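Colleague: Sequence and predicted model, in that order:
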Amino acid sequence: MIKVGDWVEVLDEAIAGFVQNIEHETIFLETDDGFVMSFDVSEVVKTGTDEISVKEEDIKNALKEKLTIKKSKNVRKKREKGIPAIEIDLHIEKLTDRRHLDNFDMLNIQMDTARHRLEHAIRNRIQKLVFIHGVGEGVLKAELETLFGRYEQINYYEADPRKYGYGATEVFITQS
């Protein structure tokens, strides 16, 4: 059981830090660099100086997720017609006041928003989303594709450029 003050490491990423706060299934950790980041409780493991406290079930789940991610996720599926899409604008000025944020903080806010909206859509059986990320240098788009690739039930493709320009990705969630 992870609690405030524990040292944790993020699965599949080179991120570690002390747990600052826990809200529901979200853990907020502060890295050595002083950044506070949020992760789902299933994405972190509690570690100590010499030992790692990991349940066998967590290891199996992480390995299963890794195998799933290796499958090609960028399948270009026929676009589903007639299903209205929920639009999520990830431009930073739509999400927060950006005056005192650096690029790293802005990207984290955008990715946290995307992850929470995606999880909400999956829980509520919403089939179609459009993430408006803009063109820029492509960093946010690449991070979004990595996020979408972690979900077995998600197919994604470039959204209609006539409607969104070239800075949007459409996500279709297969309902089981």
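Modeller: Structure's in. What do you need?
Colleague: helix or strand for the residue minimising distance to the centre of the chain, which one?
Modeller: What sits nearest the mean C-alpha location of the chain, by Cα atoms, centre = their mean, is residue 115, with 3.9 Å. Assigned by DSSP states H and E, residue 115 belongs to helix 103-123.
Colleague: That helix: which residues count as buried?
Modeller: Within helix 103-123, the residues that qualify as buried are 105-111, 113-115, 117-118, 121, counting by 16 or more other Cβ atoms under 10 Å. C-beta coordinates here come from the backbone N, C-alpha and C atoms, glycine included.
Colleague: Give me the neighbour count for the spatially closest residue to the residue nearest to the centre of the chain that is not a sequence neighbour.
Modeller: Spatial nearest neighbour of residue 115, excluding adjacent residues (Cβ to Cβ, 6 or more residues apart in numbering): residue 147 at 6.2 Å. Neighbouring residues of residue 147 were enumerated by other Cβ atoms under 10 Å; the total is 17.
Colleague: Residue 147 belongs to a helix?
Modeller: Yes: Residue 147 sits within a helix when classified using DSSP: H, G, I helix; E, B strand; the rest coil.
Colleague: Show the contacting residues for residue 92.
Modeller: Neighbour list for residue 92: 98, 101, 106, 109-110 [criterion: Cβ atoms under 8 Å, 6 or more residues apart in numbering].
Colleague: what's the residue nearest to residue 115 in contact with, if anything?
Modeller: 111, 114-115, 118.
Colleague: quick one: the closest residue to residue 40 other than its chain neighbours from residue 45, how far?
Modeller: Using Cβ to Cβ, 6+ apart and skipping the chain neighbours, the partner closest in space to residue 40 is residue 25 (5.7 Å). Per Cβ to Cβ, to the nearest Å, residue 25 is found 15 Å from residue 45.
Colleague: Neighbour count: those two, which is higher?
Modeller: Just comparing residue 25 and residue 45: by other Cβ under 10 Å the higher neighbour count belongs to residue 45, 19 against 11.
Colleague: Check which helix or strand the more buried one maps to.
Modeller: Short version: residue 45 belongs to strand 44-47, going by DSSP H and E.
Colleague: Just checking: what are the partner strands of that strand?
Modeller: According to DSSP bridges, strand 44-47 has the following sheet partners: strand 7-10 (antiparallel), strand 52-53 (antiparallel).
Colleague: Now do it, average pLDDT.
Modeller: Averaged over strand 44-47, pLDDT sits at 85.
Colleague: Check stretch 161-173 too.
Modeller: Here the average pLDDT along stretch 161-173 is 92.
Colleague: low pLDDT regions in the chain?
Modeller: Residues of the chain that meet the criterion pLDDT under 70 lie in 48-56, 58-60, 62-83.
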